[in-house]
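K.L.:
I'll drop the sequence and a predicted model, then ask my questions.
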Amino acid sequence: MIQKGDIMSVIKSSNVVWHNTEITKEKRNYLNKQRSAIIWFTGLSGSGKSTVANALEHRLHQLNARTYILDGDNVRHGLNNDLGFGDEDRKENIRRIGEVSTLFIDAGVMVLTSFISPFQEDRDSVRKTVNETEFVEIYIKCPLEVCEQRDVKGLYAKARKGEIKHFTGIDSAYEEPENPEIEIDTSKLTIDESVDRIIKYLEDHSYIEVNRRKRLSKALFGLLPQTESV
């Protein structure tokens, strides 16, 4: 017997057709003078994900990069306000964020996502929705005891008392990234040092060009060797 959910699945899959547009992701990237990508911050609550992501966006903004931050708490005020914190809802939370992030990539924007995203499978599923170079996983590593000492929101204290259930690191698991592009230990590095490391990675891998203005100025004043015309 076909259930209502099965009928809806058939309708959705048979009547929806992808519509191609004239302006492509490549054209938007060219206009923005950058490579769009998902900069995915993952780590325990209190590890410093949002702090580093905000500092990184500030630095990128100074470099004229087009960016947007998707923050775990902020998104749950709107798009994901119907989700709880059980395993299945956490998976759906990340799935939705992944879909939204791919739209930002198509728009030629570098999207910085700051989510605990505790499960390797869910992070990998987002990675698979985009091209290989469009997902940069940053593991904000920090010992649990340091995160608890910070406890800016008082969440760990509530979790220890049993007032919050399914809290990552206490009564819900966190699976450390297996092969993140960048690993940053915020118990050892300052915010500026953390951002410096990320900026260097982005420049080394041609997502941004930090010295573009400097090179342009030198070229205008004839300080760089000019190519011979034929």
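P.N.:
Arrived safely, thanks for sending. Residues are numbered from 1 along each chain as shown.
K.L.:
only C-alpha atoms for contact and neighbour calcs from this point on.
P.N.:
OK.
K.L.:
tell me where the chain has strands.
P.N.:
Along the chain, counting by DSSP state E, strands occupy 38-42, 67-71, 110-114, 135-141, 182-185.
K.L.:
in CSV: those, plus distance to residue 101 and mean neighbour count.
P.N.:
Formatted as CSV, those follow (distance: least, Cα to Cα, whole Å; neighbours: other Cα atoms under 10 Å):
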stretch, distance to residue 101, mean neighbour count
strand 38-42, 7, 26
strand 67-71, 8, 18
strand 110-114, 7, 25
strand 135-141, 10, 23
strand 182-185, 19, 17
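K.L.:
reformat those as CSV; add distance to residue 91 and mean pLDDT.
P.N.:
Listed next are those as CSV, based on distance: least, Cα to Cα, whole Å; pLDDT from 0 to 100:
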stretch, distance to residue 91, mean pLDDT
strand 38-42, 14, 97
strand 67-71, 16, 92
strand 110-114, 15, 95
strand 135-141, 17, 97
strand 182-185, 23, 97
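K.L.:
nearest to residue 122, out of these?
P.N.:
Taking Cα to Cα, strand 38-42 is the member of the strands of the chain nearest to residue 122, at 11.4 Å.
K.L.:
ok, residues contacting the closest one?
P.N.:
Outside strand 38-42, the residues that touch it by Cα atoms under 8 Å, 6 or more residues apart in numbering are 49, 53, 101-102, 105, 110-118, 134-140.
K.L.:
now do 6 Å
P.N.:
49, 111-117, 134-140 (Cα atoms under 6 Å, 6 or more residues apart in numbering).
K.L.:
which other helices and strands contact the lengthiest helix in the chain?
P.N.:
In the chain, with assignment by DSSP state H, the single longest helix is helix 87-106. Contacting helix 87-106 under the criterion 3 or more Cα pairs under 6 Å, 6 or more residues apart in numbering; DSSP states H and E is no other helix or strand.
K.L.:
let's see it at 7 Å
P.N.:
helix 120-127 (3 or more Cα pairs under 7 Å, 6 or more residues apart in numbering; DSSP states H and E).
K.L.:
average pLDDT across the helix it packs on?
P.N.:
What helix 120-127 shows for mean pLDDT is 94.
K.L.:
and that helix, what does it pack against?
P.N.:
helix 87-106.
K.L.:
and the angle from the helix it packs on to strand 38-42?
P.N.:
150 degrees (axes from the mean of the first three to the mean of the last three Cα atoms, to 10 degrees).
K.L.:
contacts for helix 87-106, please.
P.N.:
25, 36, 37, 38, 80, 83, 111, 117, 122, 126, 130 (Cα atoms under 7 Å, 6 or more residues apart in numbering).
K.L.:
can I get it in CSV, CA atoms only?
P.N.:
This file holds the C-alpha atoms of helix 87-106, laid out as CSV (Å, rounded to 0.1, in the frame of the first residue of the first chain):
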residue,chain,number,x,y,z
ASP,A,87,20.7,12.7,16.7
GLU,A,88,18.1,12.8,13.8
ASP,A,89,17.4,16.5,14.3
ARG,A,90,21.1,17.2,14.3
LYS,A,91,21.5,15.4,11.0
GLU,A,92,18.6,17.3,9.5
ASN,A,93,20.1,20.5,10.8
ILE,A,94,23.4,19.9,9.0
ARG,A,95,21.6,18.7,5.8
ARG,A,96,19.7,21.9,5.6
ILE,A,97,22.8,24.0,6.2
GLY,A,98,24.6,22.1,3.5
GLU,A,99,21.9,22.9,1.0
VAL,A,100,21.9,26.6,1.9
SER,A,101,25.7,26.6,1.7
THR,A,102,25.7,25.3,-1.9
LEU,A,103,23.4,28.2,-2.9
PHE,A,104,26.1,30.6,-1.5
ILE,A,105,28.8,28.8,-3.5
ASP,A,106,26.7,29.1,-6.7
